[in-house]
Structure formats: C-alpha cells, structure tokens
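In: Quick one: sequence plus predicted model below, questions after.
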Amino acid sequence: MNKGIGLALLAVGIALIVYGAHSSDSAASHVSNFFTGSPTNKALWLLLGGIAATILGVVMVFVPARKT
C-alpha cells in the first residue's frame, strides 16, 4: 500500500516539477523576474511542491517500513 502511494507521489512530484519549470519560462514569469528579480509565485510553489512530493515519494518507495 505504501509503495503504491509513494509511486503516485513520485509521479505527481515529477509532473509538478515539469509544469513548474514550464511555468517559470512563461512570459508572465519573465516580466515578474524583470521587475522583482524572481519568477511568479505560482512557478515557485509548483517547483517547491514538486520537489517535496518527489522526495516523499522516493522515501516511501525505497526506504523499507519498520516492522513492530
């Protein structure tokens, strides 16, 4: 069960990272980067959420569960 959830989180995390990378390369992000020095909040949240979901998915898939 945990491996299935971990694989789903891994897939969603990778998709969010790809979508965030594309979003940070958009015209709105370039305008925001010109005026503020950083990409849009949407792009940052997509990238951060994708990284977090990917890390959690990798941990759930590859770290064995404790048996009590």
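Out: All right, it came through fine.

In: what's in contact with the helix or strand harbouring residue 22?
Out: Following DSSP states H and E, the helix or strand that holds residue 22 is helix 2-24. Residues from elsewhere that reach helix 2-24, judged by CB atoms under 8 Å, 6 or more residues apart in numbering: 29, 39-40, 42-47, 49-61, 65. No exception for glycine: its C-beta is placed from N, CA and C like everyone else's.

In: among those residues, which ones are buried?
Out: When burial is judged by neighbour count using 16 or more other CB atoms under 10 Å, the buried members of the contacts of helix 2-24 are 29, 39-40, 42-43, 46-47, 49-50, 53-54, 56-57, 60.

In: where does the chain have low pLDDT?
Out: 68 (pLDDT under 70).

In: most centrally placed residue in the chain?
Out: Here the mean C-alpha position of the chain is nearest to the C-alpha of residue 50 (CA atoms, centre = their mean), at a distance of 0.6 Å.

In: Next one: that residue from residue 16, what distance?
Out: Taking CB to CB, to the nearest Å as the criterion, residue 50 is separated from residue 16 by 3 Å.

In: residue contacts, residue 39?
Out: Listed by CB under 8 Å, 6+ apart, the contact partners of residue 39 are 23-24, 29, 32-33.

In: Which helix or strand contains it?
Out: Secondary structure from DSSP H and E places residue 39 outside every helix and strand.
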